[in-house]
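>>> Okay, here's the prediction I keep looking at, along with the sequence it came from:
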Amino acid sequence: MDAAGQWRDAGGTVEQESAKILIILHRQGDAENAAIEQIMTIYKQRFIQVSVLRETGVVCAEF
């Protein structure tokens, strides 16, 4: 999903830029957590980002 991002740099300047929201439903576990962390690391490197927001929560999904 497209979104609008905002970041305050070390000098206090607020930067605004386009952003993306990625929703991943997965089982809880060490391997799954490591995979998500790897995705975040690769994203930061590829798009030269200082940080990536991760929000987690328990959901019940059924198909």
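Now that the structure is in, tell me what you want to look at.
>>> residue ranges of the helices in the chain, please?
30-46 (DSSP state H).
>>> Excluding residues flanking it in the chain, which one is nearest Ala35?
His26 (7.8 Å; Cβ to Cβ, 6 or more residues apart in numbering). All C-beta atoms are positioned from the backbone trio N, CA, C, and that covers glycine.
>>> How many residues are close by that neighbour?
10 (other Cβ atoms under 10 Å).
>>> what's the answer for Ala35, then?
13.
>>> Same question for Tyr43.
13.
>>> Report the contact partners of it.
Gln49, Val52 (Cβ atoms under 8 Å, 6 or more residues apart in numbering).
>>> roughly how far apart are it and Phe63?
From Tyr43 over to Phe63 the distance is 27 Å, taken as Cβ to Cβ, to the nearest Å.
>>> what's the distance between the residue nearest to Ala35 and Phe47?
With Cβ to Cβ as the criterion, His26 and Phe47 are 22 Å apart.
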